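Asker: Give me a model of this one.
(one chain, ligands or ions: 1)
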Amino acid sequence: MEKLTKILQKDNLTKEDIVFLLSLEEPESIEMLRSYAYNIMRANVGEYVYLRGLIEFSNICVNDCYYCGIRKSNRNIKRYTLESDEILECARFAAQNGYGSIVLQSGERRDPQFIDYICRIIEEIKSTTKSENLPNGLGITLCVGEQTYATYKKFFEAGAHRYLLRIETTNPSLFARIHPADISFEKRMECLFYLKEIGFQVGTGVMIGLPTQTVEDLANDLWFFKELDADMIGMGPYIVHRDTPFNIYEKYFLENKRKIYLMSLKMIAVARILLKDVNIASTTALQALYPLGREEGLRFGANVVMPLLTPSSYRRNYILYDGKPCVDEFTNDCGECLISRIEKIHRPIGFDNWGDSLHFKKKH
Ligand code: SAH
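Answerer: Model prediction:
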């Protein structure tokens, strides 16, 4: 406890301090970390929770990541791409319900038809969601993987202003073990720098609890977020998907579930302490491990949630990991449910607000 108090009083954490914080196990110590992170959040970004309606608009993917349920080789799902009308309907729903922002997420494709389709959708969403409450239309975050500089630039010019691209892990050899040879760590890094240079608010993150991943790896991940000067963080537990090559880790995963869940919460808290004024998402995968996981993420210092907006009939084909919640519900239920969950933990909600990263705003 004494050591913990000392570390929390420091202005600048060392990597060793971060390892110490991530290794805490006593419930009282974890609670102390949590409440400290919460206060840092309150002081730097306030208690508001911002909503990003998540539209998983296509599950077609050219990649074959060993952990991911929508990998190219998974033949047990039906591949789909939403029509533009369907996407626009989700976007209008988000705007009308005060969400302020949406995330457009999909599997990875780099062909010109797909890129043009995304640009057109962004433009249409922008022009059809302008209102008194949202004079510049919905805020749009993209999450469509690795693309060229020119493509990122097109997306930005079309009106998307935030981009999420997880590094997945900053340990290059672990990165190589979880991806096929055609996905490179260097390329992923390069993409993050392109996105920054173009002027996006850039979000990154990692999976927590990957087989062989160590506490030192996770401390390095947090350190990397700081060095990259990321504006947004989205991290979550790694969860086994049965139709992937990594289903061999099911036993490891089941045995370590509780540990992985707690580590994910500690990662949010330490990210908040280290990065202070960035936006941090409490991700859906937390709720897959524990029914109140997303609320817990908010209590550990996160300030963003992503209610699922994907039309319900498509949801069962966009399952990245087993046990994903909200898969059988109706489109509008997710928002209502999440909003009432947030209200239950007494957090105000930033309706009709883009809820941009304060960290980014201070730089520009
Ligand atoms: N193709 C896009 C987005 C889709 S996947 C992209 O590459 O950015 C979005 C995120 O889901 C990934 O970055 C990964 O971190 C996470 N994910 C995939 N499979 C997962 C699993 N089995 N458990 C937990 N998270 C997973």
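Asker: Work out for me the element the most centrally placed residue in the chain sits within.
Answerer: Centroid-nearest residue in the chain: residue 234, 3.1 Å away (criterion: CA atoms, centre = their mean). Take DSSP states H and E as the rule and residue 234 turns out to sit in strand 232-237.
Asker: which residues touch that strand?
Answerer: 162, 164, 166, 201-209, 225, 260-261, 263-264, 267-268, 271, 275, 278-281, 283-286, 288-289, 304, 357 (CB atoms under 8 Å, 6 or more residues apart in numbering). Every residue, glycine included, has its C-beta placed from N, CA and C.
Asker: Restricted to helices, list those.
Answerer: 225, 260-261, 263-264, 267-268, 271, 275, 284-286, 288-289 (DSSP state H).
Asker: Out of those, which are close to the ligand?
Answerer: Near the ligand, judged by CB under 6 Å from any ligand atom, the entries from those are residue 285.
Asker: counting contacts, what elements does the helix or strand of the chain with the lowest mean pLDDT pack onto?
Answerer: Lowest by mean pLDDT, DSSP states H and E among the helices and strands of the chain is helix 331-344, with a mean of 84. Here helix 331-344 touches strand 50-58, helix 84-96, helix 293-299, going by 3 or more CB pairs under 8 Å, 6 or more residues apart in numbering; DSSP states H and E.
Asker: close enough to count as contact, residue 301 and residue 271?
Answerer: Yes - judged on CB atoms under 8 Å, residue 301 makes contact with residue 271 at a distance of 7.3 Å.
Asker: Flag every residue of the protein that's near the ligand.
Answerer: 67-68, 105, 107-108, 143-145, 165-166, 168, 207, 236, 238-239, 241, 285, 320-321.
Asker: Go again with 8 Å.
Answerer: By CB under 8 Å from any ligand atom, the residues of the chain that approach the ligand are 61, 63, 65, 67-70, 105-108, 143-146, 164-166, 168, 205-207, 236-241, 244, 246, 285, 320-322.
Asker: Out of these, which sit inside strands?
Answerer: When DSSP state E is applied, these are split such that 105, 106, 143, 164, 207, 236, 237 fall in strands.
Asker: any weak-confidence spans in the stretch 201-350 of the chain?
Answerer: 329-333 (pLDDT under 70).
Asker: then the strand holding residue 234 to PDB, C-alphas only?
Answerer: What follows is strand 232-237, C-alpha atoms only, in PDB (Å, rounded to 0.1, in the frame of the first residue of the first chain):
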ATOM      1  CA  MET A 232      -8.000   8.100 -28.200                       C
ATOM      2  CA  ILE A 233      -7.600   4.600 -26.700                       C
ATOM      3  CA  GLY A 234      -9.700   1.600 -27.300                       C
ATOM      4  CA  MET A 235      -8.500  -1.600 -25.600                       C
ATOM      5  CA  GLY A 236     -10.200  -4.700 -24.500                       C
ATOM      6  CA  PRO A 237      -9.700  -8.300 -23.400                       C
END
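Asker: quick one: it to strand 50-58, angle?
Answerer: Calculated by axes from the mean of the first three to the mean of the last three CA atoms, to 10 degrees, strand 232-237 forms an angle of 70 degrees with strand 50-58.
Asker: can you give me the offset of strand 232-237 from its chain's centre?
Answerer: The chain centroid and the centroid of strand 232-237 are separated by 5 Å under CA atoms, centre = their mean, to the nearest Å.
Asker: Over to stretch 144-156?
Answerer: 18 Å.
Asker: try stretch 297-311
Answerer: The answer for stretch 297-311 is 9 Å, by CA atoms, centre = their mean.
Asker: what about it, start to end distance?
Answerer: 25 Å (CA to CA, to the nearest Å).
Asker: which residues touch the closest residue to residue 325 other than its chain neighbours?
Answerer: Once flanking residues are discounted, residue 325 sits nearest to residue 287: 4.9 Å by CB to CB, 6 or more residues apart in numbering. Neighbour list for residue 287: 293, 294, 325 [criterion: CB under 8 Å, 6+ apart].
Asker: quick one: residue 287 and the ligand, what's the gap?
Answerer: 12 Å (CB to the nearest ligand atom, to the nearest Å).
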